[in-house]
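# could you work out the structure for the sequence below:
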Amino acid sequence: MKILIEDAEKLEYLAPAGHWTKNVTEGKGFGTSKTAFEVAKKEPMGKFNIVCYIKHTKQFINLNHGRGRGLAEAGVA
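Next up is the predicted model:
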């Protein structure tokens, strides 16, 4: 089981050294969802998800979501 930060708009995972990857197995794992959430809020992205990935079954479980430091989407007038 691995807790990851997912960029909800690009469907990429935060990897070590601040890089992003489409490959879930290369994503940086976090010890707790709380730690992942705090890190994600500081990243320069819009919407994010905190997900748990279960390697054996290749399943994802959404644990939380939020918004990073990226620009907010413009509303439709």
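# where does pLDDT dip in the chain?
71-77 (pLDDT under 70).
# what about 90?
17-18, 69-77 (pLDDT under 90).
# all strands of it, in order?
2-7, 12-14, 20-21, 47-54, 59-67 (DSSP state E).
# can you tell me which of these comes nearest to residue 31?
strand 2-7 (7.4 Å; C-beta to C-beta). Placement of C-beta: from N, CA and C, glycine included.
# for that closest one, buried residues please.
Within strand 2-7, the residues that count as buried by 16 or more other C-beta atoms under 10 Å are 3, 4, 5, 6, 7.
# with stretch 46-65 instead?
In stretch 46-65, counting by 16+ other C-beta under 10 Å, buried: 46, 47, 48, 49, 50, 51, 53, 63.
# so which two of those residues are the farthest from each other?
It's 46 and 53 that sit farthest apart of the buried residues of stretch 46-65, by C-beta to C-beta, at 21.2 Å.
# considering the buried residues of strand 2-7, which is situated nearest to residue 30?
Proximity of the buried residues of strand 2-7 to residue 30 (C-beta to C-beta) peaks at residue 3, which lies at 4.5 Å.
# quick check: the closest one touching residue 60?
No - with contact defined as C-beta atoms under 8 Å, residue 3 does not count as touching residue 60 (11.0 Å).
# what sits in contact with each of these two?
Applying C-beta atoms under 8 Å, 6 or more residues apart in numbering, one finds that residue 3 and residue 60 are jointly contacted by 51, 52, 53.
# how much space between the closest residue to the last one other than its chain neighbours and residue 13?
Just to be clear, that refers to residue 53. Nearest non-adjacent residue to residue 53, counting by C-beta to C-beta, 6 or more residues apart in numbering: residue 2, 4.8 Å away. Computed as C-beta to C-beta, to the nearest Å, the residue 2 to residue 13 distance reads 9 Å.
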